[in-house]
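Novice: whatever this is, show me its structure:
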Amino acid sequence: MRGKSVQTAGVWLQRGLSWGVKTSHNRMVALALFIVGCYIPLWLAKLAFGLMHGSGSILMAAAVCLGLYRLWQQRQELSHMEASEGDRWLGYFLIGVCLLLMPLGFTTLWIQRIVWMAAFAGIALSTWGAGVFGRYPIPTFLIVLGLFPEPTAVGKTLWDTFTPPQMLERLMAWSGTAGLRAIGQPATLVGPVLIALPGGVVEVAWGCSGFDMATVLAIASLVVGLALRESMPKVTLMVIVGIALALIANIPRIMLLAMSEAYWGKGAFEFWHGPWGGQIFAGVMFTIYYYIVMAIRNQSTTKRSV
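Specialist: The predicted model follows:
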């Protein structure tokens with residue numbers, strides 16, 4: 001069995017090499033795929049690290065895979081599209097730029113992602129022409145979304161630009177204090193972002209504002225909605241629900257962290273504030289989100305059947 005698998009892999013490799021050197025266009029596409037392949041080990045390592053620390057890396061990967069799968073489903077239509085001479089040379093130019101930038105991508109994430117996006121764009125332009133982006137906007141959007149470097153960091157920059165300083169942190173600190181008082185805890189809001197209990201004080205910093213999780217749920221909602229081929233109004237509703245759920249669910253998380261610091265010691269606080277606590281929190285929240293999304297889908301299905 002193992003020998004047969006190796007033989008099959010060898011046949012596919014031989015076919016790929018034969019295709020890659022068949023024409024000058026194939027050689028340029030093969031070069032772009034080679035550049036993309038050089039970064040795959042780094043991408044997989046980052047994906048594994050993100051999974052262990054509760055980031056949205058898996059969702060970004062899912063967006064890329066879904067976008068590529070959507071294009072694969074349209075392969076019959078794509079086979080009839082042909083790039084113009086100008087588009088083809090523009091695609092080759094992008095692939096050449098990727099080759100020059102490739103060494104920098106091994107040490108800088110945003111360059112790596114720009115190289116990937118430029119490589120995919122170069123393949124699309126030189127093979128099908130610029131019209132492919134307008135004809136298939138959703139797969140294009142999903143691939144760009146999945147390859148976009150650090151969406152939470154970009155989102156934070158935009159948020160800080162258009163909102164007052166510490167707006168979300170202040171709101172979460174006030175909400176957490178109000179929630180603690182509602183369950184009988186003598187919590188006090190000290191300063192703009194400090195929650196004080198008799199046994200300790202916690203600071204609601206940016207990492208505890210819920211913004212990162214709201215971004216993750218927004219991306220998850222978008223990917224899931226497009227994967228299920230829902231209408232854009234429904235996808236928009238799913239995104240809004242995801243953001244609202246993440247921010248609302250962050251309030252009891254802040255309350256738990258404050259009580260852990262005040263009553264249960266540093267070990268308990270570090271557990272709930274660390275990767276394991278974050279994974280438990282994310283698991284509970286995604287479970288709640290799943291049932292809400294299924295209720296939205298079932299309600300719309302019932303309306304259509306009536």
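
Novice: which parts of the chain are strands?
Specialist: 188-190, 194-197, 200-203 (DSSP state E).

Novice: is it possible to get a markdown table of the ones you listed that adds mean neighbour count, distance to I288 and mean pLDDT?
Specialist: Using the backbone N, CA and C atoms, a C-beta is placed for each residue, glycine as well. Listed next are the strands of the chain as a markdown table, based on neighbours: other C-beta atoms under 10 Å; distance: least, C-beta to C-beta, whole Å; pLDDT from 0 to 100:
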| stretch | mean neighbour count | distance to I288 | mean pLDDT |
| --- | --- | --- | --- |
| strand 188-190 | 15 | 27 | 89 |
| strand 194-197 | 20 | 24 | 91 |
| strand 200-203 | 17 | 24 | 88 |
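
Novice: so what pLDDT did the closest residue to L245 other than its chain neighbours get?
Specialist: Spatial nearest neighbour of L245, excluding adjacent residues (C-beta to C-beta, 6 or more residues apart in numbering): Y289 at 5.6 Å. What the model reports for Y289 is a pLDDT of 87.

Novice: near Y289, how many other residues are there?
Specialist: Close neighbours of Y289, defined as other C-beta atoms under 10 Å, add up to 21.

Novice: surely it meets A244?
Specialist: No: look at Y289 against A244 with C-beta atoms under 8 Å: they stay out of range, at 10.3 Å.

Novice: circling back: contact partners for the residue nearest to L245?
Specialist: Y289 is in contact with L217, A220, V241, G242, L245, counting by C-beta atoms under 8 Å, 6 or more residues apart in numbering.

Novice: picking up where we left off before, so which of the strands of the chain comes closest to L31?
Specialist: strand 200-203 (50.4 Å; C-beta to C-beta).

Novice: all the helices of this protein, residue numbers only.
Specialist: Taking DSSP state H as the criterion, the chain carries its helices at 2-20, 24-52, 57-73, 75-78, 85-101, 109-128, 131-135, 137-147, 151-162, 167-182, 211-227, 232-259, 266-273, 275-305.

Novice: output these as CSV; include the columns distance to P198.
Specialist: Shown next, in CSV, are these (distance: least, C-beta to C-beta, whole Å):
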stretch, distance to P198
helix 2-20, 65
helix 24-52, 35
helix 57-73, 40
helix 75-78, 65
helix 85-101, 56
helix 109-128, 44
helix 131-135, 60
helix 137-147, 46
helix 151-162, 33
helix 167-182, 12
helix 211-227, 29
helix 232-259, 11
helix 266-273, 15
helix 275-305, 23
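
Novice: which stretch in those is the model least sure about?
Specialist: Going by mean pLDDT, the lowest-scoring of the helices of the chain is helix 2-20, which has a mean of 48.

Novice: name the nearest residue to L217, ignoring sequence neighbours.
Specialist: In space, L217 comes closest to G242 once its chain neighbours are excluded; the distance is 3.4 Å by C-beta to C-beta, 6+ apart.

Novice: how deep is that neighbour tucked in, by neighbour count?
Specialist: 27.

Novice: quick one, what contacts it?
Specialist: Shown in contact with G242 (C-beta under 8 Å, 6+ apart): A214, L217, A218, A220, S221, Y289.

Novice: of all those residues, which comes closest to S260?
Specialist: The nearest member of the contacts of G242 to S260, counting by C-beta to C-beta, is A214 at 22.5 Å.

Novice: what's the burial count for the closest one?
Specialist: With other C-beta under 10 Å as criterion, A214 counts 23.

Novice: likewise for D160?
Specialist: Neighbours of D160 (other C-beta under 10 Å): 14.
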